[in-house]
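Pasting a predicted model and its sequence here:
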Amino acid sequence: MALTTGPRSLVTQRQVRGMTAAALVLAVLTGVIVWFAGSDDRALDEACGGALAADEVRTVLGDSGMDVTSGTEGTFGGDSSDSGSGGSSGSGNSGGSSLAVRCAVTAEGRGRVGVTIAGAPRPRAEHGTGELYTAVPARDTLPVPIGHGWSGLLATDNARQGDRGDGRATAAVLLDCARGGRSLLITVETTLRGATLDDPATRPSFVRTAIATARRADDRWNCGARLGKPVRGVGLPVNADEYEPLLGATGTCATVPTAARSAVSTARETARARAPREICALGARDGAPRYRLDAYYGPYAEDARAQYTRNGGEGVTPADKPAGRLGRSAYWAGADCPDGARRALYLIRADDADGDARARPDLGYERAALSAFAARSAEDHGCAAPVTP
Amino acid sequence: MGGLTDRVWLRYAILFALITALVTGANIAIGSRGGGHLAANRDQLRKACDGALPYGDLQGLVRDARPGELRQHGTMLAPGQQSRSLLDCSLSWGGGNGVTVHAEALVSDVPQGMETRQILGPGPGGTFTAPGTTGRYGARGAWLVAECQGGLDGRVRPTTDLYVTAKVADGSAGAAAGANRTTALTGFRTAVHVANAITRAQRCGGPPLDPPNRVVATAGDQGEGGSTGPASRRCDWISPSSVPGLRPGAWATRGDAQDSTSLSACTGEWDPDARHNKGVAPRDWQITGVEAASWAGVLGRSAYDSYEREGHVPGWGAADGDNRLVDAETGADDDAESGAAEAEETDAGDRVDRVPSYLTRPQLALWARSVCGGRVTYHRVSVLPRLRIPDGETVPLGPERRAALSETAHTLLARYLGAVDGWPKTAGCRDTTVLGEVEEWH
């Protein structure tokens, strides 16, 4: 018996020790898991200096397995309390706002939301160091206004459902702050796997985070901007083949004249709803591009002018004068806008593939088209009558 | 094993019985929880996508295990909402079984490869055509183009061109590896059914499309090569006897097998495997390949645009001076082979071009435009000379060879347009204008 009971009691002791150790390990493991699980939530809630609309991101990407990165730097209007986790800018305001906030949330297999929040105008020292603000795709597919009282855009590079890149779009919301001509530009790039922009029920998911983050940013940096209403629907960015007769245009191309000599008779346009970027693309009868009219407001106007500042040696540019001629076939105009906002910028440029409009410019038409476009856009935005070339 | 006692065997037996009972119980539990959806799923198939799906062709895919998952949008379902799709539906039943259809009114080109080689060449996996249907089946399912004479709503401007895609998945390994014949046929029949449902709902007028009852493999290695029946006869005119300038001997021809009123494509190649050609090697510059194709309506615009993007339409490339051997003024060149050609140069028309080795299929194309069946139709023929160019080198193409290629291309076009069984004759093409040549070695 001694031979059997001895080992049996030894095993029992080992079992007790083992169970105790296992319980301890389990408890520690549970704690670690709970802490890590909670850390996702904490990181999300604190992302973008606490301005990220975490609930909206969870709605769009799901609420687990998210990787969050974030950085905040600079100040907004000299408010020193704004320095965030990324440290202060030290760039010096010199009348501008150095606030630059960036965060990104990636959910493996589900998608990604990347957010930038920029104070505007930027410090003068930043002019000449690349793009001042996150760009929105606007080359081939025209961005559409978000509307519903917001000054914002929905833009995409993608033209067709099912193409590579379908399910990725950029939304931008501009908040004109109540004081001092400052503004906040919130830009959100959303990629949703398996989603298509073509589905009107899905499209609001691509602007939801931008809208909700704009609301929080307005609070966070005491902007006091006039905010819009909830967005239940948003239009579809306009593709290169979606042209229509210019006569009868009711959106951004409304009032722009046709031209016999320049063979301008079609237009690609979007609705007009106080968007900070407006485009009217003019084309020939078969839609072939001829001219392009662009309107820039607030930070986008500042950025466009800053690019001309960088490109020295071009003579007089939009950075120097309210209106003028640019190169062989381009003009610009400007308009003063309310509440100390940056002067709006309007441009017309030749856009034809064969270079005919550049080689044989129809200058009279270019000026007339720019004047009509600028006057209508300025009126919609509550700006003064534009100064035209 | 012999050392195991009865008691150990009993333990193993009990353990085995327990595991078996557990697995069986789990299966029954899962089965009873997941089953019983067949009737509802079939009902959903009848109604989904505005009732446009072919119930008879797809009911075999419906599973019982779980409720069907439906995603759908489009202006036919929600007329007030902005969308480029008339219909876009995806219905799945688990186990890899499902169907996805998409229909849109085209305001520009057909979003599929329209060049001759793309029409005839095999894609990744199996590619099929269905005689009588203008379209193809490939890795992304079936697509077709149909006409809506009454006009289609929902886009920024009116259009008569309807584009439909359909992808059917039956969960089998064959479907994953590449389309099989049955899946391809179901895909085509689904696309045709959806197209007919739309043209009916949109009051397009005209007769409905006939659902196909067979498919033809596009790849040549499956015994068909798109060259059976009428498709083969449409290309029979290609031979050295009818087109002087082609390399003598036996030629193999292939057609697209779509039997379409909007599209036709033929290729011919001198056949090195033919009995008559054994032991014969064509010389450089002998024409050993030809292409001939026609595209009507939206397909014509799409094909022309596709070639234009590569600079391969009349008016592009030839005047650029790229690859030109020497400038007529300087006449300087150190290539011995080019000496004779150089001496011949007297003006820009007598230039000598260089054909580089990296071009896989240098060819001279000739374009023409007609009216066929009331629609603007583009024709393109091309001649492909035999060329063996060492890597990294170029060969000169002088005026005489260039003229010979041109003459053969013009003869080829004339034979194509006049061939009794050829597509242009059967389509009643008239008012033909020759648009010009394209040197596809620039």
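Looks like it came in fine.

Local confidence estimate at the residue of the stretch 201-350 of chain A found nearest chain B?
Closest residue of the stretch 201-350 of chain A to chain B, C-beta to the nearest C-beta: residue A:241 (3.5 Å). Just so you know, the C-beta spots here come from the backbone N, C-alpha and C atoms, and that holds for glycine as well. Residue A:241 carries a pLDDT value of 93.

Doesn't it lie inside a helix?
No: Residue A:241 is assigned coil when assessed by DSSP: H, G, I helix; E, B strand; the rest coil, not a helix.

Identify all contacting residues around whatever helix or strand residue B:415 lives in.
Assigned by DSSP states H and E, residue B:415 belongs to helix B:399-418. For helix B:399-418, contacts defined as C-beta atoms under 8 Å, 6 or more residues apart in numbering or on different chains pick out B:237, B:242-246, B:266, B:285, B:287, B:290, B:292, B:341, B:344, B:349-353, B:364-366, B:368, B:370, B:379, B:381-383, B:385, B:422, B:424-425, B:429, B:432, B:434, B:437.

Point out the ones among these that are inside strands.
Members of these lying in strands (criterion: DSSP state E): B:266, B:287, B:290, B:292, B:353, B:364-366, B:368, B:370, B:379, B:381-383, B:385, B:432, B:434, B:437.

which of those residues count as buried?
B:266, B:287, B:290, B:292, B:353, B:364-366, B:368, B:370, B:379, B:381-383, B:385, B:432, B:437 (16 or more other C-beta atoms under 10 Å in any protein chain shown).

can you give me the helices in the chain?
Just going to use chain A. Secondary structure of chain A (DSSP state H): helices at A:2-46, A:54-61, A:205-220, A:299-310, A:356-359, A:363-380.

could you do chain B instead?
Using DSSP H, helices in chain B cover B:6-34, B:38-51, B:55-58, B:116-120, B:173-177, B:181-201, B:229-234, B:298-309, B:339-344, B:399-418, B:423-426.

for residue 284, what are its contacts?
Defaulting to chain A. A:263, A:264, A:265, A:266, A:290.

actually chain B
Taking C-beta under 8 Å, 6+ apart as the test, what residue B:284 contacts is B:385, B:386, B:387, B:388, B:395.

Low-confidence stretches in the chain?
Going with chain A. A:1-11, A:27-28, A:30-40, A:78-95, A:310-314 (pLDDT under 70).

You answered for a different chain; I wanted chain B.
If you take pLDDT under 70 as the line, chain B has these spans: B:1-5, B:23-34, B:173-179, B:219-232, B:317-349.

50 - rerun?
B:1-2, B:31-32, B:176-177, B:221-226, B:228, B:317-348 (pLDDT under 50).

domains for it, by residue range?
Domain segmentation of chain B under automatic domain parsing yields B:39-216, B:227-439.

winner for burial among the ones you listed?
domain B:39-216 (a mean of 20; mean count of other C-beta atoms under 10 Å in any protein chain shown).

And for residue A:305, the neighbour number?
The tally of other residues near residue A:305 (other C-beta atoms under 10 Å in any protein chain shown) stands at 21.

hang on, the earlier thing: go through the helices of chain A and name the closest to residue B:305.
Of all the helices of chain A, it is helix A:356-359 that lies closest to residue B:305, at 19.1 Å by C-beta to C-beta.

how about the closest one: buried residues?
In helix A:356-359, counting by 16+ other C-beta under 10 Å, buried: residue A:357.

sorry, back to before: tell me the most buried of the helices of chain A?
Sorting these by mean neighbours (by mean count of other C-beta under 10 Å), the first place falls to helix A:205-220, with a mean of 23.

which other helices and strands contact that one?
helix A:54-61, strand A:111-120, strand A:144-147, strand A:150-155, strand A:168-176, strand A:183-192 (3 or more C-beta pairs under 8 Å, 6 or more residues apart in numbering or on different chains; DSSP states H and E).

Quick one: these as a markdown table, columns for distance to residue B:359 too.
Output for those, formatted as a markdown table (distance: least, C-beta to C-beta, whole Å):
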| stretch | distance to residue B:359 |
| --- | --- |
| helix A:54-61 | 48 |
| strand A:111-120 | 41 |
| strand A:144-147 | 43 |
| strand A:150-155 | 39 |
| strand A:168-176 | 36 |
| strand A:183-192 | 39 |
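
Figure out which of these is closest to chain B.
strand A:144-147 (9.2 Å).

Flag every buried residue along that closest one.
Neighbour-count burial for strand A:144-147 [16+ other C-beta under 10 Å]: A:144, A:145, A:146, A:147.

which residues touch residue 271?
Unless you meant another one, I'm taking chain A. A:144, A:145, A:147, A:235, A:251, A:252.

um, chain B though
Counted by C-beta under 8 Å, 6+ apart, residue B:271 has contacts B:249, B:250, B:251, B:252, B:277.

For the last one, which non-adjacent residue is closest in space?
Yep, that's residue B:277 we're talking about. residue B:249 (4.6 Å; C-beta to C-beta, 6 or more residues apart in numbering or on different chains).

try the third one
For residue B:251, the nearest residue in space outside its immediate sequence neighbours is residue B:268; the separation is 5.0 Å by C-beta to C-beta, 6+ apart.

quick one: the closest residue to chain A within the stretch 301-442 of chain B from residue B:161, how far?
Proximity of the stretch 301-442 of chain B to chain A (C-beta to the nearest C-beta) peaks at residue B:301, 9.5 Å away. Distance of residue B:301 to residue B:161, given as C-beta to C-beta, to the nearest Å: 9 Å.

next one: residue A:128
Distance from residue A:128 to residue B:161, by C-beta to C-beta: 49 Å.

repeat for residue B:236
For residue B:236 relative to residue B:161 (C-beta to C-beta), the value is 31 Å.

Same question for residue B:14.
Residue B:14 is 71 Å from residue B:161, by C-beta to C-beta.

How about residue B:169?
27 Å.

what's the answer for residue A:317, then?
45 Å.

do residue B:239 as well
Counting by C-beta to C-beta, the gap from residue B:239 to residue B:161 is 36 Å.

Ok, residue B:96 next?
33 Å.

ok, now residue B:375?
Distance, residue B:375 to residue B:161, by C-beta to C-beta: 11 Å.

domain assignment for chain A?
A:51-220, A:244-380.

And the contacts of residue A:284, which is closest to residue B:126?
residue A:266 (41.6 Å).

okay, now the closest one: neighbour count?
With other C-beta under 10 Å as criterion, residue A:266 counts 24.

can I assume it is in contact with residue A:287?
Yes: when contacts are counted by C-beta atoms under 8 Å, residue A:266 is listed as touching residue A:287 (5.5 Å).

Now do the shared contacts for those two.
residue A:243.

residues touching residue 285, list them.
All of this is about chain A. By C-beta under 8 Å, 6+ apart, the neighbours of residue A:285 are A:263, A:265, A:266.

wrong one, I was asking about chain B
Contacts of residue B:285 (C-beta under 8 Å, 6+ apart): B:385, B:386, B:387, B:401, B:404.

hmm, which two among those residues are most spread apart?
Among the contacts of residue B:285, B:387 and B:404 lie farthest apart (C-beta to C-beta), at 13.9 Å.

Now chain B against chain A: closest residue?
Counting by C-beta to the nearest C-beta, chain B gets nearest chain A through residue B:108, at 3.5 Å.

ok, and the closest non-adjacent residue to that residue?
residue A:241 is the one closest to residue B:108 (C-beta to C-beta, 6+ apart), at 3.5 Å.

What count of nearby residues applies to that neighbour?
So residue A:241, with other C-beta under 10 Å, has 16 neighbours.

So it versus residue B:439, what's the distance?
30 Å.

likewise residue B:140?
34 Å.

now swap in residue B:128 and tell me
34 Å.

next one: residue B:233
32 Å.

do residue A:43 as well
61 Å.
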